[in-house]
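# I would like to see how this sequence folds:
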Amino acid sequence: MSANLNFHPLFQWKLNQILADLKARGWQPVIASGVRTEAEQAEEVRLGHSKTLKSWHVPSTMGYLPHGKNSVDMVEGNAADIVDKRYGWGGPAAKAGFQFWKDLGEIARKHGCRWGGDWKSFKDVAHVEFLFIEAAPLKNVTV
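Alright, predicted model coming up:
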């Protein structure tokens, strides 16, 4: 497993905490996937591993959140896929109820990250993401 780990410093700090907490529970966590190019993300969609081209794995992905009546915050994010190096996505880890995934979700949420296992339509149990706002709200925007 090889991953581009060029994350935003705040997300990298959170990932380090998540990995340390997983290790403290006896797991052997590794980042299996980090930053992707648009072409790499398109291949993940083609293979059925992802459902969107607008992934937080891709640095060019941007989002908007309402910030009052006539302004929005421009949101950026990062994402990583974390697995136990002994299993990856195979063996017991092929089941969504595998204890590693439950621990990952609990720990990711504890550190303010979103976990793909909480998603309703497409469970991505290895996925952890963090959104951040780098600029002042955009004013006079129709939402």
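# Asp81 contacts Ala126, correct?
Yes - if you go by C-beta atoms under 8 Å, Asp81 and Ala126 touch, sitting 4.1 Å apart. In short, each C-beta sits where N, CA and C put it, glycine included.
# where do the contact lists of these two overlap?
For the pair Asp81 and Ala126, residues contacting each of them under the criterion C-beta atoms under 8 Å, 6 or more residues apart in numbering are 32-33.
# where do the strands sit along the protein?
29-33, 63-66, 71-84, 114-115, 127-133, 138-139 (DSSP state E).
# Those strands: lowest mean pLDDT?
When mean pLDDT is averaged over each of the strands of the chain, strand 138-139 scores lowest at a mean of 50.
# so how far is Asp81 from Asn97?
Just to correct that, residue 97 is Gly rather than Asn. 18 Å (C-beta to C-beta, to the nearest Å).
# Which of these two has more residues huddled nearby?
Relative neighbour count places Asp81 above the other of Gly97 and Asp81, with 22 against 9, counting by other C-beta atoms under 10 Å.
# do you know how far Gly77 is from Arg109?
Relative to Arg109, Gly77 is positioned 16 Å away (criterion: C-beta to C-beta).
# Okay, and the beta partners of the closest residue to Pro59 other than its chain neighbours?
With C-beta to C-beta, 6 or more residues apart in numbering as the criterion, Pro59 has its nearest non-adjacent residue at 6.2 Å, and that residue is Val35. Listed beta-bridge partners, Val35: Asn4 (assigned using DSSP bridges).
# My read is that Val35 contacts His8, right?
No - applying C-beta under 8 Å as the test, Val35 and His8 come out as separate, 9.9 Å apart.
# now the longest helix seen in the chain and strand 29-33, what's the angle there?
Of all the segments of type helix in the chain, defined by DSSP state H, the longest one is helix 9-24. Computed by axes from the mean of the first three to the mean of the last three C-alpha atoms, to 10 degrees, the angle separating helix 9-24 from strand 29-33 equals 140 degrees.
# which helices and strands does helix 9-24 pack with?
strand 29-33, strand 71-84, helix 99-110, strand 127-133 (3 or more C-beta pairs under 8 Å, 6 or more residues apart in numbering; DSSP states H and E).
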